[in-house]
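1. this is the structure alone, sequence omitted:
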DNA sequence: TTGTATGCGTTATCAA
DNA sequence: TTGATAACGCATACAA
């Protein structure tokens, strides 16, 4: 590894002072065009690159952001991360990626670590931390965006971004009703999941609007104690549901993975999708168009959410953000399963 | 945002010198146990956290690593990233995640940016950079691990980790042959892909070992000019192949996504999997067990590779790594599609 | 065992 | 238009 040249090296090579080089490099006024050109040439020749960590020490701005997700392997967060990273690249920011593995201790450690690294801002997805702890941690950062999390009272310099899950659930159920379905089940998500709760609410609202009584037996959990809401969870949940409620003619699933599991179980029990049982998922992950029949689902533009989070963060950093809570609307994409 | 306390603040609050606090915090000798306790208490009370960026400036070690991938959304890289991040968490390192989007300019920018951020080491996946450029960039880092890339001659302080794709392809083809298949096709990956080339080699070798002549018409590209080797690519490639070579009874696909696309097309043309046409993929992504029939595939423990990359990097950083190239062996997982 | 001086690479501030 | 100096928060080297 070559030792990397510093401002002093460039200054020495050009025969000017350190500050003049600094100004030239940063495009600041106060250097004659002629001199500036020579300096930039020298800098390039030497392969000079500013040491952002040293710069950050004095400017109080490191050009780094923290992105905390439960699991970057989950397509949901992977898409968001990609959106964040794309926007960060454009704005010349670098992002620290940290997984919490749904573990509170690890989440706390992650936030502490990010703080130590002096990041300019934080994007925190699906935080599992209790309100008080969360607020205390958030205050360590100059700006924060909370994805998929609501706050009792707003925290200064922080914004929440949530998907309108109630509306989404209503769209799904309304679609079922419109097509004559009456026995509509909900394969719910983890107990402690915020979006799972909201979707249940929307499901119940839509049911009551359609004049269909709510039946607790039509709700089955796809992620029992500690399990993730994945395809396997969808399979077993659907199996349980279909034996308990054989007349089920529509299934609204917590997410696409669960929906696919349900879809497969439905077919394995000799029913056809969508003729006998219609299925709607949430997220519109790539799998939704891979699977046959293709999945009808609530599309959420996750990359866009990622970019939005990034923009909001930057606005907050620059003092120009007033929004405290943002809602993103899902959109029903009708394909083959419903 | 509260201003964060510094060593000086703790020192002042405790009434000792800055250095004594530094020693106490870092667990270095030279502080009486009594005093150390008091200092640590004060530090905790004030909520002191070391500023790692300032520390890095003097110690020449930032505790950060760069992870560069073409696309963190691709399950292949997502798994690797997760492995890297898990290991990093254990070792108290933080990782910068950067996407290149398969774009050389962006890859170069990513490496420059990482350099500016003064990362201790670099994990670079599937670099698209030409050898000379790559080497020059790599030399900027104290240590580097190159995933899925080979080097003409080794670069100091850097290690390559590659999957034994030739062997993998041979395992797949041998499995086909063993089960009486004779018309074995290969749905290849992108032209410029290293692993695609290696897999083609393995395919040809295995064919010749089995006494089956190589027929170029049995090879179809699943990722024509610029397209990604995904499910859609697998579908169109399989369709083209099956019309040209209707007697095909086995398909070895570049990866699982392509394999799934092929599998679906096979079934849509009225053939059964695996009875009429057997299919084998590569990677063993989650989709492989979701899809029906479940995909027989070459399992690669990507998380393990991520952790391995991390360990190798750390060993190099500590001067205790002699390995210059590591091969990881794939394993054939026989499920339902072959 | 404790403290002081110095420097890491950069920018802000003020002087020339 | 240029340059000298201090400071950012911390650790290394050396002195007390």
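-> Happy to help now that I have it. All figures in this text were calculated on a predicted structure; none of them were measured in a lab.
2. got the contact list for residue A:292?
-> A:336, B:264 (Cβ atoms under 8 Å, 6 or more residues apart in numbering or on different chains). Glycine gets a C-beta too; all of them are placed from N, C-alpha and C.
3. what pLDDT does the model give it?
-> In the predicted model, residue A:292 carries a pLDDT score of 94.
4. I'd say residue A:214 and residue A:206 touch.
-> No: in this structure, residue A:214 is not within contact of residue A:206 by Cβ atoms under 8 Å, at 10.3 Å.
5. ok, those two, which is more surrounded?
-> The neighbour comparison of residue A:214 against residue A:206 (other Cβ atoms under 10 Å in any protein chain shown) goes to residue A:206, with 23 against 13.
6. thinking the more buried one is in contact with residue A:170, fair?
-> Yes: counting by Cβ under 8 Å, residue A:206 does reach residue A:170; the two are 4.2 Å apart.
7. state the distance from the closest residue to chain B within the stretch 1-150 of chain A to residue B:203.
-> Relative to chain B, the nearest point of the stretch 1-150 of chain A is residue A:97 (3.9 Å; Cβ to the nearest Cβ). Residue A:97 sits 36 Å away from residue B:203, going by Cβ to Cβ, to the nearest Å.
8. same check, this time on residue A:48
-> 48 Å.
9. more neighbours, these two?
-> Shown here are residue A:48 and residue B:203; by other Cβ under 10 Å, residue B:203 has more neighbours (25 against 20).
10. how about the residues of chain A near DNA strand D?
-> A:16-20, A:23, A:29-32, A:35, A:54, A:57-58 (Cβ under 7 Å from any atom of the strand).
11. ok, and the most crowded of those?
-> residue A:31 (21 neighbours).
12. you'd agree that one is up against residue A:22?
-> No: judged on Cβ under 8 Å, residue A:31 makes no contact with residue A:22 at a distance of 9.6 Å.
13. hmm, back to that, take the residues of chain A next to DNA strand D and write them to CSV, including pLDDT.
-> As requested, the residues of chain A next to DNA strand D are arranged in CSV below (pLDDT from 0 to 100):
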residue, pLDDT
A:16, 94
A:17, 92
A:18, 93
A:19, 93
A:20, 94
A:23, 95
A:29, 87
A:30, 82
A:31, 87
A:32, 88
A:35, 91
A:54, 95
A:57, 94
A:58, 94
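14. so what are the domain limits for chain A?
-> If you go by automatic domain parsing, the domain ranges for chain A are A:7-50, A:62-164+A:302-330, A:165-299.
15. spatially central residue in chain A, please.
-> residue A:80 (4.2 Å; Cα atoms, centre = their mean).
16. now that residue: how far from DNA strand C?
-> 32 Å (Cβ to the nearest atom of the strand, to the nearest Å).
17. the residue lying closest to that residue once chain neighbours are set aside: how many residues sit nearby?
-> Leaving aside its sequence neighbours, residue A:80 sits nearest to residue A:306 (Cβ to Cβ, 6 or more residues apart in numbering or on different chains; 4.3 Å). Neighbours of residue A:306 under the rule other Cβ under 10 Å: 27.
18. you'd agree residue A:306 is up against residue A:88?
-> No: with contacts counted by Cβ under 8 Å, residue A:306 stays clear of residue A:88, the gap being 9.3 Å.
19. and the helices in the stretch 101-250 of chain A, which stretches?
-> A:104-116, A:131-138, A:165-178, A:194-209, A:231-244 (DSSP state H, counting those that start in this stretch).
20. for residue A:298, give me its contacts.
-> By Cβ under 8 Å, 6+ apart, the neighbours of residue A:298 are A:168, A:171-172, A:280-284, A:330-333.
21. again, only this time at 10 Å
-> A:163-165, A:167-169, A:171-172, A:175, A:199, A:252, A:255-256, A:280-284, A:329-333 (Cβ atoms under 10 Å, 6 or more residues apart in numbering or on different chains).
22. also residue A:317?
-> Residue A:317 touches A:61, A:65, A:93, A:120-121, A:141-143, A:157, counting by Cβ under 10 Å, 6+ apart.
23. most surrounded residue in the residues you listed?
-> residue A:65 (28 neighbours).
24. quick check: residue A:49 vs residue A:60, distance?
-> 21 Å.
25. out of the two, which sits in the busier spot?
-> Just comparing residue A:49 and residue A:60: by other Cβ under 10 Å the higher neighbour count belongs to residue A:49, 17 against 9.
26. not counting residues beside it along the chain, what's closest to that one?
-> residue B:116 (5.1 Å).
27. list the contacts for the one you found?
-> A:4, A:49-53, A:55, A:63, A:92, A:94, B:140.
28. now do residue A:28
-> Residue A:28 neighbours (Cβ under 10 Å, 6+ apart): A:19, A:22, A:36.
29. so which helix or strand takes in it?
-> For residue A:28, there is no host helix or strand (DSSP states H and E).
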